[in-house]
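**Student:** Build the 3D model from these lines:
(one chain, ligands or ions: 1)
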Amino acid sequence: MGRKETYMSDEWKVLDPLNRACILPVSEGVKPGTTFSSRYRVGVERVLEELGLPYQPPYWATNGYSYTVAKDDKTLSDYVSRFLKRDLTAKQAHRANGVFYGIPECCIDYFAGGVLDDQEWLRKKNFSFEDSKTEYERLNGSYPEELDYGIPGVTPCKVDCGNALKAFGEYRDVLLEYDREAAEELKLFNQRGYRILSRGNI
Ligand SMILES: [Zn+2]
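**Tutor:** I've put the predicted structure just below:
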């Protein structure tokens, strides 16, 4: 079964649309890797295998099995081996995650300086971006449409970051082409606000 047939299959459609919004940009080659949580294993793994996407054996997190999936074997092994090094600082870990998830360099740099601890980081990330997004919308009447197609858990360095908008525009284009339901779910998720934590979908 080809990729396009997989996106039309019942096996694909039974997956959480937000999981599909994470997987599809990776299988279409516009994003290096992704992480998401799913309560189901068999269906997810069958789809990943059909799409030829390598993944780490999942572990149980609070709300499901946590999957780490990459576009190819090298991307996955580079990422995993990076974390096996014991001397990785929080900043280096942030960068390794950013590269794996395809976050633009400028957006990685913006938040890398603020890594104190996870809670502190999340506060900064969610607070400053949501505020600047609201302010941008107040001044301009709207915010860039691409932001509705950002991957949960990824926050641009600024509302009109050209690199982030380009990446999100690519996710939007492949989702609208192959899975409108996943595109719509991602849009609704983002419109509910960046304050909501990512539910493990990145
Ligand atoms: Zn940026």
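**Student:** Contact residues of this protein facing the ion?
**Tutor:** 104, 106, 107, 157, 161, 163, 164 (C-beta under 5 Å from the ion). C-beta here means a position set from N, CA and C on the backbone, and glycine is covered the same way.
**Student:** helices and strands of this protein: which one bottoms out on pLDDT?
**Tutor:** Least confident helix or strand, the chain: helix 118-140 with a mean of 73, by mean pLDDT, DSSP states H and E.
**Student:** Show me where this protein has its strands.
**Tutor:** Using DSSP state E, the strands of the chain run over 33-38, 59-61, 64-70.
**Student:** Pick the most deeply packed of those strands.
**Tutor:** Among the strands of the chain, strand 33-38 has the highest mean neighbour count (mean count of other C-beta atoms under 10 Å), at a mean of 24.
**Student:** Which elements pack onto that one?
**Tutor:** helix 17-27, strand 64-70, helix 73-84, helix 90-101 (3 or more C-beta pairs under 8 Å, 6 or more residues apart in numbering; DSSP states H and E).
**Student:** for the record, mean pLDDT for the shortest one?
**Tutor:** The average pLDDT within strand 64-70 is 95.
**Student:** Look at residue 172 and say how many residues are nearby.
**Tutor:** 22 (other C-beta atoms under 10 Å).
**Student:** repeat for the one 10 residues further on
**Tutor:** When neighbours are counted by other C-beta under 10 Å, residue 182 registers 25.
**Student:** ok, it - contacts?
**Tutor:** For residue 182, the contact set (C-beta atoms under 8 Å, 6 or more residues apart in numbering) comprises 17, 18, 20, 21, 24, 175.
**Student:** what's the spacing between the residue of the chain most remote from its centre and the ion?
**Tutor:** Residue farthest from the centre of the chain, counting by C-alpha atoms, centre = their mean, is residue 139 at 28.2 Å. Distance of residue 139 to the ion, given as C-beta to the ion, to the nearest Å: 19 Å.
**Student:** Turn the strands of the chain into JSON lines, including distance to residue 89.
**Tutor:** As requested, the strands of the chain are arranged in JSON lines below (distance: least, C-beta to C-beta, whole Å):
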{"stretch": "strand 33-38", "distance to residue 89": "20"}
{"stretch": "strand 59-61", "distance to residue 89": "23"}
{"stretch": "strand 64-70", "distance to residue 89": "21"}
